[in-house]
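K.L.:
The following comprises the amino acid sequence and a computationally predicted model.
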Amino acid sequence: MQYKLAKLAGLNLKKVRIARQMTQQELADYLHCEERTIRRYEQSGINSLATLEYIASVLDVDLITTFLS
């Protein structure tokens, strides 16, 4: 995935988290990962389409409109 799209996905993940009034730790617990993973996604982006698909399915959001637009 291109760097700009990966970065955009990370920024949009942060927006979703904040809109749901969740901390990074709460989101990490929900996604069954470490808080530092969420922090890395939000700061550096999400490079894997499979990861984006997983996050979108767990959060019950549309992948394209939520993370890549």
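P.N.:
All right, it came through fine.
K.L.:
Next up, phi/psi of residue 61, please.
P.N.:
phi -130, psi 160 (degrees, to the nearest 10).
K.L.:
and what of residue 51?
P.N.:
Backbone dihedrals for residue 51, given as degrees, to the nearest 10, come out at phi -60, psi -40.
K.L.:
Not counting sequence-adjacent ones, nearest residue to it?
P.N.:
Once flanking residues are discounted, residue 51 sits nearest to residue 41: 8.0 Å by C-beta to C-beta, 6 or more residues apart in numbering. Quick note: C-beta positions are derived from backbone N, CA and C, even for glycine.
K.L.:
Isn't that neighbour up against residue 11?
P.N.:
No. Applying C-beta atoms under 8 Å as the test, residue 41 and residue 11 come out as separate, 9.7 Å apart.
K.L.:
higher neighbour count, the two?
P.N.:
Applying other C-beta atoms under 10 Å to residue 41 and residue 11 shows that residue 41 carries more neighbours, namely 26 against 15.
K.L.:
residue ranges with poor pLDDT in this protein?
P.N.:
Applying pLDDT under 70 to the chain flags residues 1.
K.L.:
Give me the contacts around the longest helix seen in the chain.
P.N.:
In the chain, with assignment by DSSP state H, the single longest helix is helix 3-19. Here helix 3-19 makes contact (C-beta atoms under 8 Å, 6 or more residues apart in numbering) with 1, 23-24, 27, 38, 41-47, 52, 55, 59, 61, 66-68.
K.L.:
Can you tell me which of these are buried?
P.N.:
Among the contacts of helix 3-19, those that count as buried by neighbour count (16 or more other C-beta atoms under 10 Å) are 1, 24, 27, 38, 41-42, 45-47, 52, 55, 59, 66-68.
K.L.:
What separation is there between residue 45 and residue 4?
P.N.:
Separation of residue 45 from residue 4 (C-beta to C-beta, to the nearest Å): 9 Å.
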